[in-house]
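> Turn this into a model:
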Amino acid sequence: MDRSGRKRLPIGFGGFDDVAATSVLVDKTQLIADVLDSGYAVTLFCRPRRFGKTLNMTTLKAFLEIPTDGRSRAPLFEGTDIWQADGGRYRQYQGAYPVVHMSMLAAKGQTWKDTYAALTDVIIGEYARHRYVLESDNLAADDREYFERILSGETSERDYLSSLRRLAMILRQYHHRDVVVLIDEYDAPIMAAYSAPGGGYYDEAVSFLKMLLTGTLKNSGGLMAFACLTGVQRISKESIFSDLNNMVVDTALSTEFDEHYGFTDAQVQALAAYLGYSDCMDEMREWYDGYRFGDVDVYNPWSVLNYLKQGCAADVYWGNTSGNDVIGGLMRSANAETLEKIYTLMQPGGVVSAPLNLGVVFPDLGIRGNAIWSMLYLAGYLTTDDTSRPGMVQLPRRLRIPNLEIASLYHSEIIERFADAAGGYDHLESFRKALVEGDAQRLNEELNRMLRDSLSSFDLVNENACHMLLMGLCFGVPGYADPTSNREAGYGRYDIRLVPAAGGPDAFSFMPSTGKPLITIELKYLKADSALSDSMFQDDALRSRAVAAIQQIEERSYDTDASKLGAQGRVRWGIVFSGKHCVAVCEQIAG
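Take a look at the predicted model:
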C-alpha cells in the first residue's frame with residue numbers, strides 16, 4: 001500500500017501511523033487477527049533485530065487502542081488485510097482497548113545507573129501519554145498521587161517497579177475495559193547489560209525487569225485482555241519469566257505467526273515491481289533472502305528496503321545498523337574446533353549440525369559448548385530449514401549462513417581476528433602478497449614472526465590448529481574467493497586452496513583476477529621433541545617435510561584443474577609447523 005503515492009520507503013520509521021500515512025507499506029496487519037484469535041494471555045515474539053518487531057507492535061497499538069489524542073486510526077487501516085478479513089469482523093476491535101505500550105529499545109547504557117535512568121524515562125513517557133486520566137473525578141486520591149509522582153521523575157525504585165501493573169489498573173478503572181499490554185524489545189537492556197565493560201550489570205537488569213513485568217503479566221485476569229512482547233532472545237529460563245505459566249513463546253522455529261516477520265518472496269516481488277526494480281530480484285535473493293521462519297522463507301526487510309532505496313546497490317545494510325557483538329565475540333574467543341565449524345559454514349553450501357536450545361541465556365555462553373550456535377541463530381546470523389519439533393532442544397539441526405550479506409559479516413570478522421594474529425593489517429597484507437607471488441622468504445618471515453610475537457605456543461599443539469590459523473590468514477586475499485579446505489581434487493583431498501575470482505557469490509574482494517595463479521597449500525605438523533632442539537637440525541627436518549608436502553601436491557594432482565578454474569599458473573606451498581617454528585617451501589608453475 002502507498003497512500004501518499006510518492007513511493008517513499010519507510011527507512012528509519014518504526015511507527016505504523018507514520019509508515020501507513022506517508023510511505024510504502026508491506027501489509028502485515030493479519031498479525032492482529034492471529035493474535036486476537038490465538039486466545040493467548042501472553043505472547044513473546046523472538047526475532048532478529050530489524051525484522052519488523054517494532055512496526056508490528058505499533059500496528060497492534062494503532063489498531064486496538066482507544067485513541068489517547070481523540071484521533072481515530074481507522075482510516076489508516078481501510079483497505080488493509082485486517083480491515084477486509086472475514087467480512088470485516090475484526091473492525092469491532094479497532095479502537096476498543098486501553099493500551100500500555102513501552103519500547104525498551106533505547107533503555108540501555110554502559111552502566112546500570114544509565115540504564116536505570118533510561119528505563120524510568122520509558123515509564124514516565126508512557127504515563128505522560130495517559131495523562132488524560134488525571135482529568136477524571138473518579139480517580140482515587142492515592143492513584144492520582146502515585147501517577148503524579150511517576151510523572152515528576154522524583155520517586156522511589158519501588159514505585160517504578162510497580163508502575164506497569166499500577167498503570168494497567170488505573171486504565172482499567174478509567175475505561176472500564178481490559179487493558180492490552182505491549183512491550184517492545186524487552187531484552188535490549190539485558191543484552192546491553194551483559195556486554196557492558198567491567199563485567200556488566202546483568203543481575204541488576206534481570207532483577208528489575210522481572211519485578212516490572214511479571215507483576216502485570218502473571219495472574220492478570222480481570223485486568224489485562226492480553227499482552228504481546230518482542231525481543232531477540234527467549235529468556236524464559238531466566239528469573240524474569242520463571243514465575244509465568246501463561247506465556248507462549250513464538251520463535252523463528254515456530255509456524256503459527258511465521259509470515260508476519262520478514263518479507264516473503266511474493267511481497268518482495270510486488271515491492272520491486274511497484275518501484276520499477278523487477279530486474280533486481282536475483283541479486284536480492286542472493287544477498288538478503290535465505291531465512292526460514294517456521295514453514296516460510298523470508299528476506300531481511302531492512303536490507304531489502306535499503307537495497308531498493310539505493311537503486312539496487314548490493315551492500316551490507318543490516319550488519320551496519322548496530323554492533324555485531326555476538327559474532328564478534330565468537331570470532332575473538334573461538335578455539336580451533338569452533339573455527340573449523342565457522343570455516344565449514346563459509347564453504348559453498350556449508351552446514352554445521354548442532355542442537356538449538358532457544359531458552360539459552362548469556363551466562364551459558366561460557367558454560368555450555370553449543371550455546372553459541374543458539375545465540376547466533378536467535379540473533380539472525382544463522383538459519384535452519386529443520387524447523388519441525390521446535391520444543392526438542394537436543395535435536396541436531398543443520399545450520400547455515402542465510403545469504404551473502406551475513407556471509408560478508410563473518411568474512412569481515414575472520415579478517416579482523418587474523419589481522420590481530422598477524423600483528424596488524426600491514427603484516428597481513430605482507431603475508432597475502434608473499435602467498436600469491438610465491439615469495440618463500442617473506443612468507444617464512446611473517447609466519448615465524450607471528451609464532452614468536454603474536455601466538456601462544458599452546459594455540460598450535462596439533463595439525464588442525466595450524467590448519468585453522470592458515471585458513472584464517474587466507475580469507476580476503478585480493479583477487480581470490482574465500483579459501484576452501486579438505487575438498488576432493490585429483491587423487492585425494494588438498495588441505496587449503498585459493499581460486500582466483502574477480503567477484504561473485506563466493507568472493508568478497510571484487511578485484512580483477514587476470515593473471516592470478518591457483519594456490520594450493522599442503523600442511524604438515526611435526527611434534528617438537530628433544531631430538532629437534534638444535535635449530536639447524538630442526539630447520540632441515542622441517543624443510544624436508546615441506547618439500548615432501550609439495551611432492552604430495554604433484555603426485556596426487558591436486559592442482560591439475562587450474563586452467564578449468566580460470567587460473568593462470570599454479571603456486572604450491574608446503575608448510576610445516578613445529579612448536580614456535582615454521583618452514584614454508586614454494587614451487588611455482590607457469591602457464
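> lowest average confidence, helix or strand, in the protein?
helix 325-333 (a mean of 75; mean pLDDT, DSSP states H and E).
> so how far is the very next helix or strand once past that helix from its chain's centroid?
Downstream of helix 325-333, the next assigned helix or strand under DSSP states H and E is helix 336-346. With Cα atoms, centre = their mean, to the nearest Å as the basis, helix 336-346 stands 17 Å off its chain's centre.
> List of residues touching helix 336-346?
330-331, 334, 350-352, 372, 382, 399-401, 407, 410-411, 414, 459, 462, 464-465, 467-468, 471-472, 475, 482-483, 485 (Cβ atoms under 8 Å, 6 or more residues apart in numbering). Yep, even glycine has a C-beta here, placed from its N, CA and C like the rest.
> about what we covered before: buried stuff in the least confident helix or strand of the chain?
For helix 325-333, the neighbour count (16 or more other Cβ atoms under 10 Å) marks 326-328, 330-331 as buried.
> Just give me how far it sits from the chain centre.
For helix 325-333, the distance to the chain centre is 12 Å (Cα atoms, centre = their mean).
> now stretch 548-563
40 Å.
> For it, the averaged confidence score.
If you average the pLDDT over stretch 548-563, you get 95.
> Take that stretch, keep the C-alpha atoms, and write them as CSV.
Extracted in CSV, the C-alpha atoms of stretch 548-563 (Å, rounded to 0.1, in the frame of the first residue of the first chain):
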residue,chain,number,x,y,z
ALA,A,548,57.6,-33.7,0.7
ALA,A,549,54.3,-31.8,1.1
ILE,A,550,54.9,-30.1,-2.3
GLN,A,551,55.7,-33.5,-3.8
GLN,A,552,52.3,-34.7,-2.5
ILE,A,553,50.5,-31.9,-4.4
GLU,A,554,52.2,-33.1,-7.6
GLU,A,555,51.8,-36.8,-7.0
ARG,A,556,48.1,-36.6,-6.2
SER,A,557,47.3,-34.0,-8.9
TYR,A,558,45.6,-31.5,-6.5
ASP,A,559,46.1,-28.6,-8.9
THR,A,560,45.9,-30.0,-12.4
ASP,A,561,42.5,-28.4,-12.9
ALA,A,562,44.0,-24.9,-12.7
SER,A,563,43.1,-23.9,-16.2
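> buried ones in it?
549-550, 552-554, 556, 558-559, 562.
> beta partners for residue 589?
Beta-bridge partners recorded for residue 589 (DSSP bridges): residue 570.
> and it, how many residues sit next to it?
Number of residues near residue 589 (other Cβ atoms under 10 Å) recorded here: 14.
> Residue 431 now?
By the measure other Cβ under 10 Å, the count of residues near residue 431 is 25.
> these two touch, right, it and residue 422?
Yes - shown here, residue 431 and residue 422 form a contact pair, counting by Cβ atoms under 8 Å, at 6.0 Å.
> all helices for the stretch 101-250 of the chain, in order.
If DSSP state H, counting those that start in this stretch is used as the criterion, the helices of the stretch 101-250 of the chain fall at 112-129, 141-152, 157-161, 163-175, 188-195, 202-217.
> Quick one: closest of these to residue 292.
Of all the helices of the stretch 101-250 of the chain, helix 188-195 sits nearest to residue 292, with 23.7 Å by Cβ to Cβ.
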